[in-house]
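Student: I would like the atomic coordinates for the input below:
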Amino acid sequence: MCQVREEGRPTSVSSWEDERTVYGGLRPTEASVTMRTTQKRVCILLPNKQNLDCTVRVRARGHEVLNSVLKQLGVSELQVFGLAVLRDNEYLFLDLEQKLSKYFGKRWNRGSLMVPFILFLRVQYYVESGRLILSSKVQQLYYAELRHKVLHSESRHQEALFFQLAASALQADVGDLEQTAEGNDEEEEGEEKRHRHYFLPEDYFPSWLIKRRGRDFLLQHCPVLHIELRGVTRSQAVLLFIKEAGDLQDGPVTFYRMKQEKKGLRSSILLGVALKGVRIYQDLQGKLCLLYDFSWTDIDRLTFQGSRFEIAAVGSLCLPKLVYYTPSAFHSEHVLRHLRDSHRLHIDTRGVVGYIQQLDDTEASHFYNEAYVCDTTRLAHRLQSNSLTSSMSDWSVAVETVTAWSKEEEEEEEDKVTVFQEDALNVCVFMLTVAEFELCVDEPVELFVDNPAELSWLAELAVDGPVELPCSYWAAVGVEMKQVSGPLRLKISSTARHQRCQ
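Tutor: Numbering: from 1, shown residues only. Got it, this is the predicted structure:
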């Protein structure tokens, strides 16, 4: 008589026959093998740190998992999102028509329902405006992923933008922040302290910015910007955050690592699929350096051959063909498909984006406001430095010099020019006054195009009629201009100006 051991005690054939209904007519080992080969458990991680579970067939394709996600979220489409798998420490978006076994390999056939396979719901196509995302649930997921991108951003030259993003995120998460009412000093101090500690800087600022400015500085000044958004609804604040995050250099970008040489050991090149094109970065000791920023119209051809990736710019840019290498041909296939689909979406949404931009500009014109954050400690330190004091004294001397030049010009005009019409003279004095007080902060000294000393012969000309001079006269005039960092301002000598007014 055949016996099967279960929980340490013998079992007869008759008892096994009674348990056939539990396992569908199969022995326990056969039942577990059947379950392992017919169904798989997949866990999908969402941007808001939640997860969804679904059970699919062994031969299931990507769209079956996506349909399960849509059903559980209660939305009709995810628009900008895609399912991604982590491969070689890099996210690759699934081709929904391919079988899941292509992405999980041999583990897919050996796996069981006890251990789920992990997929990620991530933003595949970034947009310029949140209004393009129709579903509020999908919009919240998009906002959550952008929040994560902001916290890990390395755009250290855009510090002011992080304060704006933090204020918009606080308005979206917390709502209106009540202003402190006037009262005694103790009540105001307690109210201010309560406002300063209603959020954690770690949830709204990248770690390098917290280290640079300090938690106290962020807790003190961020509420000032948050108060400026009073009256903005939470949904509007989400749209504002999405729009502002689009200006972050490494924010709405999907990165793919590549190598400069085929046999190179380190992948120091990052190809970024951005809103309006492709960006090429280089990783220099943990810091991203932007090498090329191509719009879609700047790209003539994208080519993948095995692991070799080529990007050819249009001829007007006069750039050589850029050649990089992906980890494998599998990566190349998916990167190329992502680039192709992103370009297609950009073309399809251009008209809608332009219309939405007009609406945003119209609304912004009604609610425009400005708020400033100032690090008074650093400002005081800079004001006390010798270099700044020296530059301020130089600026004062320059103002006095320009004023002295103005007085000399006025004296020369009184000696040389005697006949002017009263209305023309009033116009000239007004032009002179406006021009003299237009100072350049970067370089206060202004140089004259025409030197009055060299053009003294103009006073000898008749002023009864219009002055007509051949080109040879003007060719002899010395021109001296100095390029400054601000806008270039040219000043015509007073003598020539009066002649033109006449």
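Student: Apart from its chain neighbours, what residue comes closest to A313?
Tutor: Spatial nearest neighbour of A313, excluding adjacent residues (CB to CB, 6 or more residues apart in numbering): L319 at 4.5 Å. To be clear about C-beta, it is placed using only N, CA and C from the backbone, and glycine gets the same treatment.
Student: K49: neighbour count?
Tutor: 8 (other CB atoms under 10 Å).
Student: And what about it, helix, strand or coil?
Tutor: Following DSSP: H, G, I helix; E, B strand; the rest coil, we place K49 in the coil state.
Student: ok, so what distance separates the spatially closest residue to it that is not a sequence neighbour from Q50?
Tutor: Among residues not flanking K49 along the chain, A144 sits closest, at 8.0 Å (CB to CB, 6+ apart). In this view, A144 and Q50 are 9 Å apart by CB to CB, to the nearest Å.
Student: shaky segments in the protein?
Tutor: Applying pLDDT under 70 to the chain picks out residues 1-37, 179-196, 364-502.
Student: how close does M258 get to P116?
Tutor: Distance from M258 to P116, counting by CB to CB: 31 Å.
Student: quick one, which of those two is more surrounded?
Tutor: Each of M258 and P116 has its neighbours counted (other CB under 10 Å); M258 has more, 22 against 17.
Student: wait, the more buried one sits on G264?
Tutor: No - M258 lies out of contact with G264 (CB atoms under 8 Å); the separation is 9.5 Å.
Student: Pull up the overlap in contacts between these two.
Tutor: Y325 (CB atoms under 8 Å, 6 or more residues apart in numbering).
Student: Surely L339 and G277 touch.
Tutor: No - if you go by CB under 8 Å, L339 and G277 don't touch, sitting 9.8 Å apart.
Student: And these two? Which one has more around it.
Tutor: Taking neighbours as other CB under 10 Å, L339 and G277 compare with L339 leading, 22 against 19.
Student: helix/strand/coil for that one?
Tutor: helix.
Student: for I356, same thing?
Tutor: Secondary structure state of I356, per three-state DSSP, is helix.
Student: neighbours around it, how many?
Tutor: Counted with other CB under 10 Å, the neighbours of I356 add up to 19.
Student: doesn't R131 make contact with it?
Tutor: Yes - with contacts counted by CB under 8 Å, I356 reaches R131, the gap being 5.1 Å.
Student: what touches both of those two?
Tutor: Joint contacts of I356 and R131 (CB under 8 Å, 6+ apart) do not exist.
Student: Please report how far the closest residue to F309 other than its chain neighbours lies from Y355.
Tutor: Among residues not flanking F309 along the chain, Y324 sits closest, at 4.9 Å (CB to CB, 6+ apart). Between Y324 and Y355 the distance is 37 Å, computed by CB to CB.
Student: All the strands of this protein, residue numbers only.
Tutor: According to DSSP state E, the chain carries its strands in the segments 39-45, 51-57, 81-87, 90-93, 117-123, 254-258, 269-273, 277-284, 287-295, 299-305, 308-313, 322-325.
Student: Just put the ones you listed in a markdown table and tack on distance to K71.
Tutor: A markdown table is the format used below for the strands of the chain (distance: least, CB to CB, whole Å):
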| stretch | distance to K71 |
| --- | --- |
| strand 39-45 | 12 |
| strand 51-57 | 9 |
| strand 81-87 | 14 |
| strand 90-93 | 21 |
| strand 117-123 | 14 |
| strand 254-258 | 26 |
| strand 269-273 | 29 |
| strand 277-284 | 35 |
| strand 287-295 | 38 |
| strand 299-305 | 35 |
| strand 308-313 | 37 |
| strand 322-325 | 40 |
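Student: E333 is nearest to which of those?
Tutor: Among these, the nearest to E333 by CB to CB is strand 299-305 (7.1 Å).
Student: For that closest one, buried residues please.
Tutor: Counting neighbours by 16 or more other CB atoms under 10 Å, one finds that the buried residues in strand 299-305 are I299, F304.
Student: V65 - nearest residue in space that isn't next to it in sequence?
Tutor: Of all residues not flanking V65 in the chain, V42 sits nearest, at 5.7 Å (CB to CB, 6+ apart).
Student: try D203
Tutor: Counting by CB to CB, 6+ apart, the residue nearest D203 is L151, at 7.8 Å.
Student: now swap in I280 and tell me
Tutor: Setting aside the residues directly before and after it, I280 is nearest to Y292 in space (CB to CB, 6+ apart), at 4.2 Å.
Student: you'd agree that neighbour is up against A274?
Tutor: No - counting by CB under 8 Å, Y292 stays clear of A274, with 11.5 Å between them.
Student: Would you mind telling me which of the two has the busier surroundings?
Tutor: It is A274, of Y292 and A274, that has more neighbours when counted by other CB under 10 Å, with 21 against 17.
Student: which ones are touching the more buried one?
Tutor: Contacts of A274 by CB under 8 Å, 6+ apart are Y126, P252, V253.
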